[in-house]
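Chemist: What follows is a predicted structure for the sequence shown.
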Amino acid sequence: MNYITHILLLQAQRNQAPAEEEVEEEEEETEELGHVDTYADYKPSKSTIGINHPDIVVETNTLSSVPPPDITYHLSIPESTIKQGLLSALQLEAIIYACQQHEVILQNNQRAGFLIGDGAGVGKGRTVAGIILENNLKGRKKALWFSVSNDLKYDAERDLKDIDAPTIPVHALNKIKYGDTATSEGVLFATYSALIGESQAGGQHRTRLKQILDWCKPGFDGVIVFDECHKAKNATSTKMGKAVLDLQNKLPLARVVYASATGASEPKNMIYMSRLGIWGDGTPFKTFDDFLHAIEKRGVGAMEIVAMDMKVSGMYIARQLSFSGVSFRIEEIGLDDDFKLVYNKAAKLWAEALAVFMRAADELGLVSRKSLWGQFWSSHQRFFKYLCIAAKVRCLVELAKKELEAGKCIVIGLQSTGEARTREVLDENDGHLDRFVSASPVQFLSCTVHSTEPQPEDGNVLLCFCSLGKPRGRQSKFPKHTMVEAGGVINISDDSSTDTEGMDTDSNSSPDSLLDNSDDVIFVQHTSCHTGTVTVADVTPANVPVCLGFFGLSTARIEEMKQSLLNKIADLGKELPLNTLDELIDKFGGPEKVSEMTGRKGRVVRRLDGSVRYESRAEQSHTIDHINLKEKDRFMSGEKLVAIISEAASSGISLQADKRVKNQCRRVHMTLELPWSADRAIQQFGRTHRSNQVTAPEYIFLISELAGERRFASIVAKRLESLGALTHGDRRATESRDLSKYNFENKYGTKALDKITKAILGHIESKVPPPKGYPGDMKKGMMDVGIFCKEPRFGLSTEKDCSITKFLNRILGLEVHKQNSLFQYFTDNFDYLIEKDKKEGKYDMGILGMDFKTHTQNTTDPIISVDRGMPWKEAFEKAQNLKGLDEGFYLSHKVSLANVPSMFADTLPGSLEPDTAGEKRAAFIFSPSLGQGIKRNFEVSSDEAKDSWESQFNFSFGKCCHANWNGKCKKIEEGQECLQGMRLRQYHMLCGALLRVWKRVADVVADITSSSILQIVRLKTKNSNKQVGEYRTPI
């Protein structure tokens, strides 16, 4: 239930309280800090120029609690631009602080940079254009603008035109020859991938980086904009990231601007932000690794301090559109019996295939199996991921058609297109295709051995699992249909529309192949050669994943294994679902009704006569490079009311209900396939929620009932949590409310996994009982998905390096009822561990609010005095609006020696259901001395409330609860201080730029408390001043 039923309780104790009461009092005090409200309305606090932004903009309460620095910079942007509102007050504020920060020279003699962390839709493009205009007016006529797509050059030109700066030219680097540096002024626009471009012809400018540096000239002090700068993350592990760092180092006086709502999704991804001056000479952290270690060691609280410190220091600003009016919901999809049958059949077949591979590998005596199993499990996960997606298509179409009937329009988010599988089928059929094809990326195939003189030692291919995907960050060295004379034929279906150069591995979420948008299938057909036995290594370069095959003796037994498996594979192939993207377009009426904005070049469509064919997405008047922009225009004009976007369309395309376009229907953004990271999620969700919109969008996340699929949601939830902490200073800022319950990739998930695996093996007795319907002994299931393995010496044991990621990947391959039960067992243990830590005070709650009525601060001493009590008047006012049988003030059967203690309870949301009459109900408890706490309580009486309440309220101001209960306190009699149960409490609070003294504070706290958790709190003092800092009770 969403409504709250209120109950007032008054406990007038009639007997001396037993020891448990004092323990309960202590438990209440551990709950006295509550989560802060996430957002506060935002207006510039120190900048006074410009007109208001056209939409409501908010900032996290955490960031709003710390002020930006005073303004010393004088703007040169014309008054007419400001008065016309071409740049809003918010955008002008960001321009001023960026230019002001650019006047700072760091101790390493590089110019300081600025991070614009504004959320999607606030108008980062105009802000960046404004910074370029400001510098142009100051005489700095050259600027570099890096982004993720060449198409965004047109957006850059539009932004400059919109702020009345159309005379500043924008030159696309990809249209300039390597040897040409003719453009003397303006903006040089390039993609991140261009930074690592090389010319095969050689010459003076063999690389794009050299060409850019020559264009800038030594001593360059113009603007460098890294737009959508999250694309440069993991700088040390990719060529692209290293080039971004190299460019900054070689142009030390450049005015660097980092611009992205997802600029720092995790601390480790901040490495390319070298100009922020957080680490290096003159900082507490000598290197980035020192900074990373300190932040990750201290948990979420430390991450939140980073964002606040950057704002206080004037290097960071982060606002976003209010989410008022935006609705979020999760639709959990039920599976029909037919689909479960296919899924279970696939799970059993994969288990059988695993057994066959293991037996064959043993038979052949393979020593190194790392590559084999890496490809096997990568293929395993991709296969079941597609089955999960296919399970939701029917429900999505039904939901979408209802929304269309209600006058809304639909935006569907996908990550993969399945194009490579379609092209592979085209290759098999000489370019002809008369049916929709399955997008399932894993195919079970046989590779028949052909030999002029077959010999047992020739190395027959027994069977083969074809896996997908070239490794991220590399391109295949082989073009399509390349002949390899020495060993056979390697046919590579290459999705050339996907530029994977520079894309990096996300070690916390999935294997490389899973993060690639292409679905390549590589076939290997080995033939014997006169030069000797051929092995996989002979024909496969190290960077090309191969069809894993077994080369061994042609025995009848192994041949029988192969044929049996192949027959079952053929049967399963007939039941696998179709390509999701093609199926969706077909069900919504074909390409004439759907705007497709993806990276693929062609698709399978149904003709008017019912026949099916493959066609190019290019049109007579539009090339494939511009088709996405044209499809966007068709959607925004209302010509089409359904849009399907992939990551290729996630950056720079606006699909909101804009006041300036014809299609102003409310957008319903449906996520069929959750993005793999917060970087991608924020970009997709921001396509439909932007400035100047008529209505806010609705977000619907579709998750099937398959337990393993929650794994994909957990990745997004984890990334959003970290993203909010770093990018907006409050980890709840971008946390999708419903998805937070699926965040398992943390220490609690790891501990829960350890508990259940040991319990299933029988090594420990679990304190958490298995769920109802738990299918008994799960050892075999865990073996079927490779979590358990047999050791010659130790018997059955857990696979080494069995992380929570691996576990959640693997259980996809269990039959539906087994994975659901196992997942429930895991989550029950997960919840138990969190509750246990909360009770013991070990749970990291992030930033918490000290939500009490009176706060006073001594300006010379960092001590906060807090009155935690609730006066009778406030309690009485809360009681006035109560209705129902369970309302009122109540008396207990217990009484203290000093006075009659009282309590007031407000039931927790959802704790009072119509069908729970007579059951125990959870309640917030308000007492005269402590204000709000949490306790479970029941009905009590009514009229004796006032005297008891006021008596305890006054008594508890300066006396502890022991004096209240017993008339005396042992600690006080022994000359010690006792604060238990007192209204007035004092806390030490350390505020300000904590990052600069972080190591000292952390070392002192760790020495005293032996805890790595630094509790960050926010409060408002009696004179309405906001404070955020690390707090401790007096030591």
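Modeler: Arrived safely, thanks for sending.
Chemist: how about the helices of the stretch 701-850 of the chain, start to end?
Modeler: Here the stretch 701-850 of the chain has its helices, by DSSP state H, counting those that start in this stretch, at 710-727, 747-761, 779-784, 804-810, 816-839.
Chemist: Can you flag the weakest of those by average pLDDT?
Modeler: Lowest mean pLDDT within the helices of the stretch 701-850 of the chain: helix 710-727, at a mean of 52.
Chemist: With respect to burial, which of the helices of the stretch 701-850 of the chain scores highest?
Modeler: Greatest average neighbour count among the helices of the stretch 701-850 of the chain goes to helix 710-727 (a mean of 26), per mean count of other Cβ atoms under 10 Å. Backbone N, C-alpha and C define where each C-beta goes, glycine included.
Chemist: neighbours around the residue nearest to Leu426 when sequence neighbours are not counted, how many?
Modeler: In this structure, Leu426 finds its nearest non-sequential neighbour in Leu433, 5.6 Å apart by Cβ to Cβ, 6 or more residues apart in numbering. By the criterion of other Cβ atoms under 10 Å, Leu433 has 19 neighbours.
Chemist: circling back to that earlier point, nearest to Asp41, out of the helices of the stretch 701-850 of the chain?
Modeler: helix 710-727 (18.1 Å; Cβ to Cβ).
Chemist: so where's the stretch 501-650 of the chain shaky on pLDDT?
Modeler: For the stretch 501-650 of the chain, the stretches with pLDDT under 70 are 501-555, 625, 648-650.
Chemist: Find the least confident helix or strand in the protein, judged by mean pLDDT.
Modeler: Across the helices and strands of the chain, mean confidence by mean pLDDT, DSSP states H and E is lowest for strand 488-492: a mean of 27.
Chemist: Quick check: buried residues in the strand or helix carrying Thr81?
Modeler: Assigned by DSSP states H and E, Thr81 belongs to helix 79-83. For helix 79-83, the buried set under the neighbour-count rule, 16 or more other Cβ atoms under 10 Å, comprises 81-82.
Chemist: Restrict whatever helix or strand comes next after that helix to CA atoms and write it as CSV.
Modeler: Next along the chain after helix 79-83, taking DSSP H and E as the criterion, comes helix 89-101. The C-alpha coordinates for helix 89-101 follow below in CSV (Å, rounded to 0.1, in the frame of the first residue of the first chain):
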residue,chain,number,x,y,z
ALA,A,89,21.3,32.0,-16.3
LEU,A,90,22.3,28.4,-15.6
GLN,A,91,24.4,28.2,-18.7
LEU,A,92,26.0,31.6,-18.1
GLU,A,93,27.0,30.5,-14.6
ALA,A,94,28.8,27.4,-16.0
ILE,A,95,30.6,29.6,-18.6
ILE,A,96,31.7,32.0,-15.9
TYR,A,97,33.1,29.3,-13.5
ALA,A,98,34.8,27.5,-16.4
CYS,A,99,36.6,30.6,-17.6
GLN,A,100,37.4,31.5,-14.0
GLN,A,101,39.0,28.1,-13.4
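Chemist: which helices and strands does helix 89-101 pack with?
Modeler: strand 114-116, helix 124-137, strand 316-317 (3 or more Cβ pairs under 8 Å, 6 or more residues apart in numbering; DSSP states H and E).
Chemist: Outline the domain layout of this structure.
Modeler: Following automatic domain parsing, the chain resolves into domains at 19-36+847-991, 52-321, 747-802+818-839.
Chemist: buried ones in the longest helix anywhere in the chain?
Modeler: Longest helix of the chain, by residue count under DSSP state H: helix 337-364. Residues of helix 337-364 classed as buried by neighbour count (16+ other Cβ under 10 Å): 339-340, 342-343, 346-354, 356-357, 360-361, 363.
Chemist: just stretch 1000-1010 next, same as before
Modeler: 1001-1002, 1005.
Chemist: Let's see it as PDB, backbone CA atoms only.
Modeler: C-alpha atoms of stretch 1000-1010 as PDB (Å, rounded to 0.1, in the frame of the first residue of the first chain):
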ATOM      1  CA  ARG A1000      45.100  12.600   7.700                       C
ATOM      2  CA  VAL A1001      41.400  12.400   8.600                       C
ATOM      3  CA  ALA A1002      41.200   8.800   7.400                       C
ATOM      4  CA  ASP A1003      44.300   7.700   9.300                       C
ATOM      5  CA  VAL A1004      43.100   9.400  12.600                       C
ATOM      6  CA  VAL A1005      39.600   7.900  12.300                       C
ATOM      7  CA  ALA A1006      40.900   4.400  11.500                       C
ATOM      8  CA  ASP A1007      43.300   4.500  14.500                       C
ATOM      9  CA  ILE A1008      40.500   5.400  16.900                       C
ATOM     10  CA  THR A1009      37.600   3.400  15.600                       C
ATOM     11  CA  SER A1010      39.200   0.600  13.500                       C
END
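Chemist: doesn't Tyr699 make contact with Arg329?
Modeler: Yes: between Arg329 and Tyr699 there is a contact at 7.4 Å, judged by Cβ atoms under 8 Å.
Chemist: Between those two, which is the more surrounded one?
Modeler: Per other Cβ under 10 Å, whichever of Arg329 and Tyr699 has more neighbours is Tyr699, with 23 against 11.
Chemist: quick one: the helices in the stretch 101-250 of the chain?
Modeler: Using DSSP H, counting those that start in this stretch, helices in the stretch 101-250 of the chain cover 124-137, 152-162, 208-216, 239-250.
Chemist: Show residues contacting the longest one.
Modeler: Residues outside helix 124-137 that contact it (Cβ atoms under 8 Å, 6 or more residues apart in numbering) are 75-77, 86-87, 91-92, 94-95, 98-99, 116, 118, 143, 145, 155-156, 158-160, 162-163, 165, 168, 187, 222-223, 225, 227, 255, 257, 259-261.
Chemist: what does the shortest one give?
Modeler: For helix 208-216, contacts defined as Cβ under 8 Å, 6+ apart pick out 142, 144, 173, 176, 178, 181, 183, 188, 190, 194-198, 204-205, 222, 243, 246-247, 250-251, 254.
Chemist: returning to what we had before: report the buried members of the contacts of helix 124-137.
Modeler: Among the contacts of helix 124-137, those buried by neighbour count (16+ other Cβ under 10 Å) are 75, 77, 86-87, 91-92, 94-95, 98-99, 116, 118, 143, 145, 155-156, 159-160, 163, 165, 168, 187, 222-223, 225, 227, 255, 257, 259-261.
Chemist: before we move on, back to that, closest to Arg606 out of the helices of the stretch 101-250 of the chain?
Modeler: When those are compared (using Cβ to Cβ), the closest one is helix 152-162, at 33.3 Å.
Chemist: Who are the packing partners of that closest one?
Modeler: By 3+ Cβ pairs under 8 Å, 6+ apart, helix 152-162 packs against helix 124-137, strand 170-172, strand 186-191.
Chemist: Run me through the strand neighbours of the shortest one, direction for each.
Modeler: Sheet partners assigned to strand 170-172 using DSSP bridges are listed as strand 186-191 (parallel).
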